[in-house]
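Engineer: attaching a predicted model along with its sequence, questions to come.
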Amino acid sequence: MNLYDYIQDGTLFIVPSFTRQKILRTIDEKGNFYRLKFMTMGEFLERFLFSYDEEALVYFSKTYHVKPSIAKIYLEHMKYIESANIPSLEFLQKQKVELDEKGLLHRDALFPSILASYRVVVSGDVSPFERKILERVEQITSVTILDQDEVVPHSVPMYSFLTASFMVSFVANEVMKLVKQGVSLNSIYLMNVGDEVSFELERTFSLYGIPLRNQESSSLYGTYFGAKVKKVLETATTFQEIEEALQEEECFPMFLNVLNRYSFYEGNVQDIKEFLLEELRNCQKQKVNYEEAVSIVPFSSLIQEDCHVFLFDFNQDFPTTYKDEDFFRDDVKKELGLWTSTEKNLHSRTDAIRDIYSFSNITLLYRKMSNDGEMYPSSLLDELLVEKKEVEPTLTIYSPLSKKLDLARKFDLHQKYGIIDQEGKELAGFYQDIGYQSYRHAYTSISVSDFLEHCNHHLTLSYSDLNQFYECSFAYYLSKILKLDAFEESFYTIVGNVFHAVLATCFSKPDFSFEKSWKQEVSKYSFDARGKFFLMKLKSDLEFIIATIRKQMTVSSFDHILCEKRIEIPKHVPGLDITFKGFVDKILYTEDMGMTYVAIIDYKTGNPELNLRLAEYGLSLQLPVYLYLVSKSHLFSNVKFTGFYLQKILNNEITIQKGKAYQEQKEDNLKLQGYTNSSSVAMMKIDQDYASSSVVKGLKCKKNGELSSNSKVKTDAEMDALVSLVDQKIDECIESIVKADFTINPKVINGKNESCGYCPFRAICYHDDRDLIRITTVEKEGEEDAEMDE
Ligand code: SF4
């Protein structure tokens, strides 16, 4: 009897999920109704042994300080150690007992009585462990384990291709030929489809108008909705906040299931953020249901023998090779009755051969190149009756566009290697002009009215926008207008946020408590064990930074402070309201003789560099922008700027200086870096003993007390000129933006491309040498150093 003979009332099938669908389709075709039950072996073991839920996962992860994905691996493997007595598994046993005692492992007391009303039919490779479990089931009801059918070897055609695109193009043509012969798309299956082939399939099959049904649709994680969830999870502390922020989204119902499963958790959502993100990865996009479609299925899915099967990538990685690197090592697996890697490999090979022969219409497809390099045929080649076939040039063209793309690829090969095959020659004769190499990547302007409408006639600009625009206008367009940037929160950015938040209150709140403030800020995020370890060190670093800044303030005359000051400067051009905004980390000021002396300080978590010689190109304007913001803000009357500085609060690695204690060098590193007013009265406001330069880096005095020519000072007039320059650069940027001019113009400064190195859009813009704007900054005699770090 084969599997289908057991389609009778009262059968419980333990089969892979695709086989279940296949049986259901067969029942549909018969038009009968049966009392059947289906389970995969995994589902069956869960019901028969135990299952766990999210509460167990959260408990395990928090108790043993492991990531959600690792916690899942531990819990998954607990079911295999039912009665094992293996020393290396003692700890896992203890963890299992602990979870059991806490009621976190769920046992289904009713399941045996449900089983009693079914006969059990199992198909697939059954391990000794599973057999032992099935023996226990036999005490309740009858169990039939179906042997795999013997298959008769027959000749199997195999085609080889250079790349995945040619392979997919061939299959699309074959599918069209089959359709012409009256074959239903529902009986055409594509197997062993990896990422590279999947990408080509979606593109090429859409050109042919062939619908694809994919059993495994892709995750919501990388979608627009996924990005929104990640953003909301950055700050949300309750489930209600998440729901309110996402409920209008189309995909929200899929994520709501996740939230419902975690609703047992009553604490701060930030504590389980990693779990929610992990679940988001597993949320699948909604599948499109076609009545007729070619199906992408895993290899060895049970389908009708006479279906048409295309087996992709019959290469060195087929069938899967297992190594002894699982959670349980082979020796442990042997004792537990699980397949060892050697046994799995044997099964994998014999199953693959049997499955290939079980299809009467299977075509093997092998390719010579992948994106990573050369590929080789599968080692099964010697064990199968393979008939190597050559692709015949197509006489009928089902998709002209796809064929033109094929021809362009063949031209590429001709250019690179001087080869062209018969199909290439015929296509070249047929299509006289496909515009080969006529593509120009240059930015061709978009309609100004469309652009203004897209921005809703309003735009916000900040220093980083301005800098990105001047580094490359096209990168600004992709990032800030089309919003193609994917923001990934890292440990480094989180620490930056925590440092900034603590520093924003420590000098302005009279009742400031470092411990309280640190705890409050850190509690907004969740950290793994490694993160927590580094945080301990960073916490003492921040304490040191605050103490050093307090020390620096004792030699200054400033008696007022503004922290995290948001400043907005409105700009208006016809059709577009623009706000230039910025947050100034710290403004120190004091009034003296009717004058307000002001110093601007920006905390930097990176490795700041200020090169004012680039200011005329709109670059490195960070400090001048703060000067501009405060000067245009009308926060103060009769203002005299004492200086504008950066202060490195992270990444302040020490450059060893002989003769200086470590503590002193650390303090040196926290000196302000920037420009000071050249007037000695103003200088004394920031550092009463400026000649010894204990607060500001780069203030050097000669023996006679005069300032050294290398000192980083600016006169009032020079500071005013900088403010005007920033204003001019902002206006020029706005002028280009309102014209929707986003030319690809990366900057090469003194021979080094400073724009493209870390640009996330390298794969999009196709920039070449002609786009580069070369800037050479020449140091004039006596001119100050460009670098702030000396
Ligand atoms: S890679 Fe270079 S040229 Fe391309 S968008 Fe980025 S900065 Fe501009």
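Structural biologist: Arrived safely, thanks for sending. These figures come from a predicted structure and were not determined experimentally.

Engineer: tally of neighbours for the closest residue to Leu105 other than its chain neighbours?
Structural biologist: With sequence-adjacent residues excluded and distances taken as Cβ to Cβ, 6 or more residues apart in numbering, Leu105 is closest to Phe50, at 4.4 Å. Any C-beta I mention is one placed from the backbone N, CA and C, and that applies to glycine too. Using other Cβ atoms under 10 Å, Phe50 has 20 other residues around it.

Engineer: could you measure Phe50 against Val448, distance?
Structural biologist: According to Cβ to Cβ, to the nearest Å, Phe50 stands 64 Å off from Val448.

Engineer: pLDDT score for the residue nearest to Leu105?
Structural biologist: Per-residue pLDDT puts Phe50 at 94.

Engineer: same check, this time on Pro16
Structural biologist: Looking at Pro16, the pLDDT reads 74.

Engineer: how far away is it from Pro298?
Structural biologist: As judged by Cβ to Cβ, Pro16 and Pro298 stand 8 Å apart.

Engineer: between the two, who's got more neighbours?
Structural biologist: The residue with more neighbours, out of Pro16 and Pro298, is Pro16; 17 against 13, by other Cβ under 10 Å.

Engineer: residues contacting the more buried one?
Structural biologist: Taking Cβ atoms under 8 Å, 6 or more residues apart in numbering as the criterion, Pro16 is in contact with Thr40, Ser123, Gly124, Ser301, Leu302.

Engineer: in what helix or strand does the residue of the stretch 201-350 of the chain at minimum distance from the ligand lie?
Structural biologist: Sorted by distance to the ligand under Cβ to the nearest ligand atom, the residues of the stretch 201-350 of the chain start with Ala227, at 19.9 Å. Remark: Ala227 resides in helix 224-235, with elements defined by DSSP states H and E.

Engineer: outside of that helix, which residues touch it?
Structural biologist: Contacts with helix 224-235, where a contact means Cβ under 8 Å, 6+ apart, come from 219-220, 241-242, 245-246, 249-252, 255, 269, 273, 276-277, 280, 486-487, 489, 524.

Engineer: one more pass at 7 Å, please.
Structural biologist: Residues outside helix 224-235 that contact it (Cβ atoms under 7 Å, 6 or more residues apart in numbering): 220, 242, 245-246, 249, 251, 255, 273, 276-277, 280, 486, 489.

Engineer: separate out the buried members of these.
Structural biologist: Leu220, Ile242, Ala245, Leu246, Cys251, Phe255, Lys273, Leu276, Leu277, Leu280 (16 or more other Cβ atoms under 10 Å).

Engineer: ok, the residue of the stretch 551-700 of the chain found nearest the ligand - contacts?
Structural biologist: Per Cβ to the nearest ligand atom, Leu619 is where the stretch 551-700 of the chain lies closest to the ligand, at 12.7 Å. Applying Cβ under 7 Å, 6+ apart, one finds that Leu619 lies in contact with Asn467, Tyr470, Glu471, Lys747.

Engineer: stretch 422-436 - what's its average pLDDT?
Structural biologist: 89.

Engineer: ok now that stretch, how far from the chain's centre?
Structural biologist: 40 Å (Cα atoms, centre = their mean, to the nearest Å).

Engineer: again with stretch 411-424
Structural biologist: Distance, centroid of stretch 411-424 to centroid of chain: 37 Å (Cα atoms, centre = their mean).

Engineer: measure that stretch end to end?
Structural biologist: End-to-end distance of stretch 411-424 (Cα to Cα, to the nearest Å): 8 Å.

Engineer: residues contacting it, please?
Structural biologist: Residues outside stretch 411-424 that contact it (Cβ under 7 Å, 6+ apart) are Pro393, Leu407, Lys410, Tyr436.

Engineer: which ones among those residues map onto helices?
Structural biologist: Counted as lying in helices by DSSP state H, out of the contacts of stretch 411-424, are Leu407, Lys410.

Engineer: how about the contacts of stretch 411-424 in a markdown table, adding neighbour count?
Structural biologist: As requested, those are exported to a markdown table (neighbours: other Cβ atoms under 10 Å):
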| residue | neighbour count |
| --- | --- |
| Pro393 | 12 |
| Leu407 | 20 |
| Lys410 | 20 |
| Tyr436 | 14 |
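
Engineer: make JSON lines from the contacts of stretch 411-424 and add distance to Val639 to it.
Structural biologist: Shown next, in JSON lines, are the contacts of stretch 411-424 (distance: Cβ to Cβ, whole Å):
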{"residue": "Pro393", "distance to Val639": "79"}
{"residue": "Leu407", "distance to Val639": "68"}
{"residue": "Lys410", "distance to Val639": "69"}
{"residue": "Tyr436", "distance to Val639": "63"}
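
Engineer: still on that earlier bit, so which of the contacts of helix 224-235 belong to helices?
Structural biologist: Going by DSSP H, the helices hold Ile242, Ala245, Leu246, Phe255, Lys273, Leu276, Leu277, Leu280 from the contacts of helix 224-235.

Engineer: give me the contact list for stretch 115-130.
Structural biologist: Taking Cβ under 7 Å, 6+ apart as the rule, stretch 115-130 contacts 3, 6, 10-16, 19, 37, 41, 80, 134, 137, 140-146, 336-339, 347, 351.
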